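1. next comes the sequence, and after it the predicted model I'd like to discuss.
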Amino acid sequence: MNPEKNYVGRFAPSPTGALHAGSLVAALASWLDARAQRGRWLVRIEDTDGPRCVPGADREILRQLDVLHLRPDEPPVWQSQRQALYQQALDELAQRSLAYPCGCTRRDIEAALSAQGHEHQRHEERVYPGTCRDGLHGKPARAWRLRCGTEDAPVRIDWQDRRLGPQGQDLTHAVGDFVLKRADGCWAYQLAVVVDDARQGVTHVVRGEDLADNTPRQIWLQRQLQVALPVYLHLPLVLDARGEKLSKQHGAPPLALDDPLAALRTAGQALQLPEVEAGDVDTWLKRATEAWARRWVDAR
Ligand code: GLU
């Protein structure tokens with residue numbers, strides 16, 4: 001084994017409900033990777049999106065993790081208590097003209113895009129047309145956006161994932177100037193996650209593959225804020241019987257914890273770990289860590 005002395009990993013759930021079989025896989029994978037590399041493992045409650053948070057879900061998630069013996073090495077943090085840090089980062093970006101205020105409503109953006117001849121397809125990501133890049137044109141500021149290159153100088157992000165291999169995205173054309181602070185005053189996930197990963201010294205991000213397409217935005221933001229880039233591992237999602245991502249939105253039931261060992265075994269199967277002989281949670285976690293190390297650490 002090749003221990004990473006300074007390894008810091010994290011699990012960063014949004015408290016939109018209790019842990020379910022899918023989110024347990026993300027929690028377990030990040031815990032196993034940290035343990036397999038003799039690192040520290042942190043838990044961060046991502047409650048910046050106030051309207052989506054469910055009261056009490058944070059406490060329930062922490063209780064579930066505790067029952068599963070997935071215990072953080074430091075007290076958990078709540079993003080809602082870290083807003084001054086996000087403001088500081090935004091101020092810095094604004095001072096350097098890397099971020100700018102935007103006065104566009106959704107309707108303004110639609111209108112500008114169709115004036116440019118873009119027919120909007122359902123589920124297609126809207127690329128901000130750049131209306132407020134050079135000023136608000138008399139409109140009041142609503143959101144804050146980050147500049148992501150121009151037609152003449154597009155930004156391309158190339159990055160490496162431990163499972164997916166080399167990845168790349170033309171950020172300018174696929175995403176455009178994205179939101180750092182929303183019109184409703186909530187901090188955007190992208191900014192909060194990057195500021196916190198940097199502040200908490202996170203060296204390794206292990207999370208579900210559904211978040212992989214956020215990574216280029218986060219890497220661009222890390223570069224703009226001149227902070228260290230973590231190493232990324234995006235894992236396959238747990239699908240339900242219809243082949244959809246197991247999620248609270250799709251009605252995944254909260255994890256039953258009357259048998260924590262069985263819950264861990266199921267999560268281990270989703271991670272394609274070999275069957276582990278164990279009669280109790282701590283033995284299972286220890287053996288699963290060894291299996292994880294063989295698969296994801298020693299084989300590097
Ligand atoms: N809070 C995000 C979620 O629950 C995960 C953030 C991350 O791991 O980067 O989907």
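-> Great, that's in hand. Since this is a predicted model, take the numbers as computed values, not measurements. Residues are numbered from 1 along each chain as shown.
2. around the ligand, pick out the residues from the protein.
-> By the rule Cβ under 6 Å from any ligand atom, the part of the chain lying against the ligand is 12-14, 46, 193, 207, 211. All C-beta atoms are positioned from the backbone trio N, CA, C, and that covers glycine.
3. in strands, which of the residues you listed appear?
-> residue 207 (DSSP state E).
4. the residues of the chain next to the ligand in helices, which ones?
-> The members of these that map onto helices under DSSP state H are residue 193.
5. wait, which of the residues of the chain next to the ligand is closest to residue 71?
-> When the residues of the chain next to the ligand are compared for distance to residue 71 (Cβ to Cβ), residue 13 wins out at 14.8 Å.
6. the residue of the stretch 51-200 of the chain found nearest the ligand: neighbouring residues, count only.
-> Proximity of the stretch 51-200 of the chain to the ligand (Cβ to the nearest ligand atom) peaks at residue 193, 4.9 Å away. Here the count is done by other Cβ atoms under 10 Å, and residue 193 has 25 residues near it.
7. Three-state assignment for the closest residue to residue 36 other than its chain neighbours, please.
-> Leaving aside its chain neighbours, residue 36 sits nearest to residue 293 (3.9 Å; criterion: Cβ to Cβ, 6 or more residues apart in numbering). Here residue 293 is recorded as helix under DSSP: H, G, I helix; E, B strand; the rest coil.
8. ok, the residue most central in space within the chain - contacts?
-> Geometric centre of the chain, nearest residue: residue 211, 5.8 Å, by Cα atoms, centre = their mean. Neighbouring residues of residue 211 by Cβ atoms under 8 Å, 6 or more residues apart in numbering: residue 234.
9. nearest spatial neighbour of residue 184, chain-adjacent residues omitted?
-> Closest to residue 184 by Cβ to Cβ, 6+ apart is residue 51, at 7.6 Å.
10. residue 113 contacts residue 124, correct?
-> No. Applying Cβ atoms under 8 Å, one finds residue 113 not in contact with residue 124, separated by 10.4 Å.
11. higher neighbour count, those two?
-> When residue 113 and residue 124 are compared on other Cβ under 10 Å, the one with more neighbours turns out to be residue 113, at 17 against 9.
12. and that one, which of the three is it?
-> helix.
13. and for the closest residue to it other than its chain neighbours, the neighbour number?
-> Leaving aside its sequence neighbours, residue 113 sits nearest to residue 129 (Cβ to Cβ, 6+ apart; 5.4 Å). By other Cβ under 10 Å, 20 other residues sit near residue 129.
14. residue 129 and residue 116 touch, don't they?
-> Yes. Between residue 129 and residue 116 there is a contact under Cβ under 8 Å: 6.1 Å.
15. quick one, strands of the stretch 151-300 of the chain?
-> 156-161, 165-170, 178-181, 204-208, 231-235 (DSSP state E, counting those that start in this stretch).
16. rewinding a little: how near is the residue of the stretch 51-200 of the chain closest to the ligand to residue 202?
-> Using Cβ to Cβ, to the nearest Å, residue 193 is found at 9 Å from residue 202.
17. with residue 41 instead?
-> Taken as Cβ to Cβ, the span from residue 41 to residue 202 is 10 Å.
18. how about residue 43?
-> Note on residue 43: its distance to residue 202, by Cβ to Cβ, is 12 Å.
19. mind listing the shared neighbours of the two?
-> Contacts common to residue 43 and residue 202, judged by Cβ under 8 Å, 6+ apart, are residue 10.
20. where in the chain is pLDDT low?
-> For the chain, applying pLDDT under 70 flags the ranges 1-5, 122-123, 249, 299-300.
21. what about the helices in it?
-> 21-36, 57-67, 83-95, 106-115, 171-174, 189-199, 215-224, 260-270, 281-292.
22. most tightly surrounded among those helices?
-> Using mean count of other Cβ atoms under 10 Å, the stretch among the helices of the chain with the greatest mean number of neighbours is helix 21-36 (a mean of 24).
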